[in-house]
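Undergrad: predicted model, plus sequence, below.
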Amino acid sequence: MTKHPRVDILIGLTVTILLVAGSPTFSQRPQRQPVASQNTPAAPAPLEIGGPPPAERSVPQAVASTKPDESFTMLANPEIATRMGLSDEQIAKVQSLIVERSQKLKDAPQDQWDGIRVENEAKLKAVLTPEQQVNWLKVIHEKTIVIIFKDQSWAEVLTWFANQLGLQLIMGEAPPPGTFSYADRKEYSPAEALDKLNSVLQARGYTLVRSDNLLILFNLQKQPHIPLYYLPKLKPEDLDERKANFEFVAVTYQLGRRDRKTIDEQLKYFLGMNSQVIDLQGNAFMLVDTVASQRIVKKLIESIKEPEPAGRAPGTP
């Protein structure tokens, strides 16, 4: 009997980690192991986040696979599209190809289905940039975290979180006072989960900084400026690739022929108590601030046009 074609429902491998409050207390509860959904294969081992990968390990290249757990049709999942950094144009192209795939499967005899899937997978792969293709398997197999806390102390929250990321927690100062409650069924990548936690911590005057295999808690009220050696050093163009809005980074800005006094006059309106401006040789400076604030500064500098060199008529190349 001929089977009717169907649209494959593809679910990425995720690990749902739930921390639910109640008796007994967190310290008394036995350690819970991540449990894979009954509808999916066993979850992969957690992604090793701290430190560089072993020398013998190479980043897997994406291939036009028809395996359900690696199919490029997963790009239609909004969370996967976000983690992959797809543009609006790429998302529209993916949606169009998914519709095309479904229509061809509907109209074709069953003996042609495998060929249609392989062809469609190749087209979906071609939508990705070379860098996105390299990151594909890492993203879809990356461990994800569901954050659910209720009346947990911050020491418990931070210890649990560091354990999930495989990092060593360093708390030079006492953690924030009080407790933390948060319930969100969304599945976050480790980087997204860290940014979500920092969005809450920074409102309380604290922040987490990941450095190699360490997760360091800073009390920004007692130590307003984070030491540079803990922070990523970026160029302004690197900001487009950083998705963590609350991550502290150090960015070097080359001003060219722009007037530094004009820049400083505008810049002061965007600096907070934890911002740090370091003058560099030439007409340049380094700014330490969150990625979200750095993007604002980048746009500010770009909005100020460089004057023409002395002796050159306006508009002359």
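TA: Structure received.
Undergrad: and whichever helix or strand Lys299 is part of, what's buried?
TA: Taking DSSP states H and E as the definition, Lys299 sits inside helix 291-303. Residues Val291, Ser293, Gln294, Arg295, Val297, Lys298, Ile301 are the ones in helix 291-303 that count as buried (16 or more other C-beta atoms under 10 Å). Placement of C-beta: from N, CA and C, glycine included.
Undergrad: quick one: residues in contact with it.
TA: The contact list for helix 291-303 (C-beta atoms under 8 Å, 6 or more residues apart in numbering) reads 234, 236, 239, 242, 244-247, 249, 251, 253, 255, 258, 263, 266-267, 270, 272, 275, 287, 289.
Undergrad: hmm, 7 Å instead?
TA: 236, 239, 242, 244-247, 249, 251, 253, 255, 263, 266-267, 270, 287 (C-beta atoms under 7 Å, 6 or more residues apart in numbering).
Undergrad: Asn198 contacts Leu208, correct?
TA: Yes: assessed by C-beta atoms under 7 Å, Asn198 is found in contact with Leu208 at 5.6 Å.
Undergrad: more neighbours, those two?
TA: Using other C-beta atoms under 10 Å, the more surrounded residue of Asn198 and Leu208 is Leu208, with 24 against 21.
Undergrad: tell me if I'm right that that one and Leu197 touch.
TA: Yes: with contact defined as C-beta under 7 Å, Leu208 counts as touching Leu197 (6.5 Å).
Undergrad: can you list residues touching both of those two?
TA: With C-beta under 7 Å, 6+ apart, Leu208 and Leu197 have no common neighbours.
Undergrad: now the helix or strand where Glu131 lies: buried residues?
TA: For Glu131, the host element (DSSP H and E) is helix 130-140. For helix 130-140, the neighbour count (16+ other C-beta under 10 Å) marks Gln132, Gln133, Asn135, Trp136, Leu137, Val139, Ile140 as buried.
Undergrad: can you check stretch 113-122 too?
TA: Under the neighbour-count criterion of 16+ other C-beta under 10 Å, stretch 113-122 has Ile116, Arg117, Asn120, Glu121 buried.
Undergrad: need those in CSV with pLDDT, distance to Ala155 and secondary structure, can you?
TA: Output for the buried residues of stretch 113-122, formatted as CSV (pLDDT from 0 to 100; distance: C-beta to C-beta, whole Å; DSSP: H, G, I helix; E, B strand; the rest coil):
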residue, pLDDT, distance to Ala155, secondary structure
Ile116, 92, 55, helix
Arg117, 91, 50, helix
Asn120, 93, 50, helix
Glu121, 93, 47, helix
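Undergrad: can you give me the buried ones in the biggest helix by length in the chain?
TA: If you go by DSSP state H, the chain has its longest helix at helix 88-107. Neighbour-count burial for helix 88-107, counted by 16+ other C-beta under 10 Å, picks out Gln90, Ile91, Lys93, Val94, Leu97, Ile98, Arg101, Ser102, Lys104, Leu105.
Undergrad: now stretch 137-156
TA: Neighbour counts using 16+ other C-beta under 10 Å place 137, 139-149, 152-156 of stretch 137-156 among the buried residues.
Undergrad: if you look at the contacts of helix 291-303, which of them are in helices?
TA: Judged by DSSP H, helices contain the following of the contacts of helix 291-303: Ile263, Gln266, Leu267.
Undergrad: which single one of those is nearest to Gly282?
TA: Nearest to Gly282 among those is Ile263, at 13.5 Å by C-beta to C-beta.
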